[in-house]
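In: fold the following, please.
(chains A and B)
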2 protein chains.
Amino acid sequence: MNFEVNSGATDAITGGTTGNNPRENGTANLTNPVNAYARAGVDTQAGDRAVELMKTAVQATQGPEVLGGTGGFAGLYDASAAGMTTMRRPLLATSTDGVGTKIELAKAMRIYDTIGQDLVGMVVDDLTPAGVRPLFMTDYIACGRVVPQMIAGVVEGIARACQAVDCALVAGETAEHPGVLGVADFDVAGAATGVVDAPRLLGPQRVCAGDMVVGFGASGLHSNGYSLVRRIVADAGVAWESSIPQSYGVVAPHGSPFADGADYSLGHACLEPTRLYSRLCLDLENSGWLAARQAGDFVGELDGNRVHAFAHVTGGGLAANLCRVIPAGLHAVVDRSTWQVPGIFRYLMDLGGVDVTSAEDTWNLGVGMVALVHPDFVPATVQATQRAGMEAFVMGTVSDGIPAGERLISGTKGVSGGTVVLRGEYQY
Amino acid sequence: MNFEVNSGATDAITGGTTGNNPRENGTANLTNPVNAYARAGVDTQAGDRAVELMKTAVQATQGPEVLGGTGGFAGLYDASAAGMTTMRRPLLATSTDGVGTKIELAKAMRIYDTIGQDLVGMVVDDLTPAGVRPLFMTDYIACGRVVPQMIAGVVEGIARACQAVDCALVAGETAEHPGVLGVADFDVAGAATGVVDAPRLLGPQRVCAGDMVVGFGASGLHSNGYSLVRRIVADAGVAWESSIPQSYGVVAPHGSPFADGADYSLGHACLEPTRLYSRLCLDLENSGWLAARQAGDFVGELDGNRVHAFAHVTGGGLAANLCRVIPAGLHAVVDRSTWQVPGIFRYLMDLGGVDVTSAEDTWNLGVGMVALVHPDFVPATVQATQRAGMEAFVMGTVSDGIPAGERLISGTKGVSGGTVVLRGEYQY
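Out: Residues are numbered from 1 along each chain as shown, chains lettered A, B, ... in the order given. All right, here's what the predicted structure looks like:
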């Protein structure tokens, strides 16, 4: 593992190489620390320290399929080691995202090592709906000043989450923008690439009348709706350190990094990292494929599968995202009473006077991922989800009748497909 | 092509789908514009207008290998259409970067449609040193407010540059951070993925004594050293709109978007978009491979090639980047007098009192990409470069003797390899 950083002054670039990770840091690395560039406000040593701190966590994400690149300009990943060369028709998939203004909450609370999981959740779980297995990811951090512990904390969080979803973190860039961003300011974004064999691609083309809608529990707000959250909390004059009244029953979810703390505050509840569904969903996809093979099911050019599609519940809430995988002519009927909305949402609604429609159009209200499965596969789906430490909710069905309910949602996010029908009342 | 955006309020996400481009915008898209979320400061319509404006440019980057993804959650790219399934051992490569503080100059000049080429140059030409062909790219824009013309201008610039290097722009995210970033503030980053067949991987493993060092002319400062540039200009109290004294001989380079303007100002010279080398370098790689096949050359497990490696001259300047592709035990001797340093560098050095060492450790000084080639292949390299409208400089040789010169540079950017020796005086 090669981590040295020696001579050669640099600009928006430098730093060490993390094993096979060509991490570049936006700090100058100067033989003479008092040169023109140092005077321009770029810290010379902080980048190296940040790289040193994050080294172990990044290396842990890299299996033998990650190769040293040419002079560390880019990260290399052996596609044959990933099984791509034996696929019938490998499709690469890519997604990119940030964490929205949730990052402002992380800064306010000075907790830097959980936002990385939010990033991986937002990026990698946008690959999941198509049944795509993540291969590798890159991250980009813009900051006002490279504070080594802060930057390393963010990257370590990304690396740990990458490891949890079997995704290599192969390259990263930290750009220092002195004088542009404040010294404590930063933003983080990422991009991931994965692969799926075309005959196993999931999506609306597999979804049919009679399919069941199974929701997987969220760990909290995930990474959407934070402009509204921050506005509500600011307008109410409530501190992030304050406790949520016990009547809301807000407790740390399974796997919470804040579960062991003495005080579980409003800030902790709002900063809960986004749950990662990729591994569970890919396991379900594989079990559903095996089950279909045993039953002799095939769907045209697609392999048969008891699992038909997933929808990642991000901005816009449940209906706007579920819509995206319902084919034209069909509708998914979701009964709002089939799961309990976590207390943090009810608290924020009460605090801000947010009506139910605004809330369900903004937040996930407790459901972070939705599976559309063959009715026979519902018990297996529920069991696997619970074994993974998450709640599973059988929320509704896909139908080809005439849609009816309190709200009909269709045509969201540029996808013109089927409709989602919301019925009933939420349980709190 | 599906571009509609309908019901479903959203947070850090929404917008339309650009053909197969799941572009997501950080603006709410509300059925009722006066709801809680709109009150939180998120503009409801601007994202849609931005997507509409950028649509044509993005679509132009997408060939038949780009497929519609599942509900637009991620972009899909057919690896077999890219020839990956017939490769002997396909290696995927990925890189990520931003444009540093050059973006501040774009904002100051309110020129938004050139910085995208800088992004593509920084990201895609970090794949080039290994001989990697770019397949697809994603972009991420963080902004204080979605100003449709600004965001669309940036993305159109990215798309045009992607098209120029045969890279599909398959997904993008625009994140609006109201109240965090100023209304005119934005930052842009990107990530690209490409492929190379392992036996054709370029790099230091191919470089040997006797190789020639051929530099390709830069279009200007490219995207590094802007913290220093901005400090120099601010300290000197010079306006971006001012002219550079004629004695420096600064003229718009070949292909400049500012060549037709009445006034070619300091700001224009500093904002010149980064030259793109990917297509030229990949063409050279292919010619060099054909030439080696005809000569019957092979190098162990690698196919023979008259082209051995490229070095992308970014942060840290020529020597720090050339170092990365020189193998241990060898040194590249570069004669500074073999090319003429463009006037913009001399002007900035004079204006800021920057010494030669600081300048050559920060800026490219007129050489944006370096090729290491077999001596027989120098004429073909020079001719192809000139045909592509760029200057080619035969700058030096690779040697295994005892290195001697004014400066010996090695071990940069975490790569412990050979040495670069700089000799002689720059010509201005």
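In: CA atoms for contacts and neighbours, from now on please.
Out: OK.
In: so what does the strand or helix carrying residue A:281 touch, helix or strand wise?
Out: Using DSSP states H and E, residue A:281 sits in helix A:278-295. Applying 3 or more Cα pairs under 8 Å, 6 or more residues apart in numbering or on different chains; DSSP states H and E, we find helix A:278-295 packed against strand A:307-312, helix A:378-387.
In: of these, which stretch is the most buried?
Out: Counting by mean count of other Cα atoms under 10 Å in any protein chain shown, strand A:307-312 has the highest mean neighbour count of the helices and strands packed on helix A:278-295, with a mean of 29.
In: what angle sits between that strand and helix A:378-387?
Out: 40 degrees (axes from the mean of the first three to the mean of the last three Cα atoms, to 10 degrees).
In: which secondary element of chain A has the worst mean pLDDT?
Out: Ranked by mean pLDDT, DSSP states H and E, the weakest helix or strand in chain A is helix A:36-39, scoring a mean of 51.
In: how does chain A divide into domains?
Out: Domain assignment for chain A, taken from the TED database, gives A:40-200, A:204-423.
In: least reliable of these going by mean pLDDT?
Out: Of all the domains of chain A, mean pLDDT reaches its minimum on domain A:40-200 (a mean of 91).
In: residue A:202 contacts residue A:131, correct?
Out: Yes. Here residue A:202 reaches residue A:131: they are 5.4 Å apart, a contact under Cα atoms under 8 Å.
In: which residues are common contacts for these two?
Out: Shared contacts of residue A:202 and residue A:131, defined by Cα atoms under 8 Å, 6 or more residues apart in numbering or on different chains, comprise A:309, A:310.
In: which of the two has more neighbours?
Out: Between residue A:202 and residue A:131, counted using other Cα atoms under 10 Å in any protein chain shown, residue A:131 has the larger neighbour count: 30 against 26.
In: wait, the more buried one touches residue A:198, no?
Out: No. In this structure, residue A:131 is not within contact of residue A:198 by Cα under 8 Å, at 10.0 Å.
In: for the stretch 101-250 of chain A, what lies in contact range of chain B?
Out: Residues of the stretch 101-250 of chain A lying near chain B by Cα under 8 Å from any Cα of the partner chain: A:101, A:104, A:126-127, A:129-130, A:138-140, A:170-173, A:175-178, A:189, A:191, A:193, A:202-204, A:224-228, A:231.
In: which of those fall within strands?
Out: Judged by DSSP state E, the subset of those located in strands is A:138, A:139, A:140, A:170, A:171, A:172, A:173, A:175, A:176, A:189, A:191, A:193.
In: can you redo those as a markdown table with neighbour count?
Out: Output for these, formatted as a markdown table (neighbours: other Cα atoms under 10 Å in any protein chain shown):
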| residue | neighbour count |
| --- | --- |
| A:138 | 27 |
| A:139 | 31 |
| A:140 | 28 |
| A:170 | 32 |
| A:171 | 29 |
| A:172 | 26 |
| A:173 | 26 |
| A:175 | 30 |
| A:176 | 31 |
| A:189 | 28 |
| A:191 | 32 |
| A:193 | 28 |
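In: from residue B:159, how far out is the residue nearest to the spatial centre of chain A?
Out: Residue closest to the average C-alpha location in chain A (Cα atoms, centre = their mean): residue A:121, at 1.3 Å. To residue B:159, residue A:121 is 27 Å away according to Cα to Cα, to the nearest Å.
In: repeat for residue A:101
Out: As judged by Cα to Cα, residue A:101 and residue B:159 stand 27 Å apart.
In: more neighbours, the two?
Out: Neighbour count, other Cα under 10 Å: between residue A:101 and residue B:159, residue B:159 has more, with 29 against 25.
In: re the thing from before, show me the two of the ones in strands among the residues of the stretch 101-250 of chain A next to chain B that sit farthest apart.
Out: Farthest pair in those (Cα to Cα) is A:176 and A:193. Separation: 25.6 Å.
In: any bit of the helix or strand that contains residue A:334 sitting next to chain B?
Out: Assigned by DSSP H and E, residue A:334 belongs to strand A:331-335. No. Applying Cα under 8 Å from any Cα, one finds strand A:331-335 out of contact with chain B, separated by at least 14.8 Å.
In: how about the contacts made by the residue nearest to residue A:274 when sequence neighbours are not counted?
Out: Take residue A:274 and drop its neighbours on the chain: the residue closest to it by Cα to Cα, 6 or more residues apart in numbering or on different chains is residue A:222, 4.2 Å away. Each residue near residue A:222 by Cα under 8 Å, 6+ apart is listed here: A:118, A:272, A:273, A:274, A:275, A:314, A:364, A:368.
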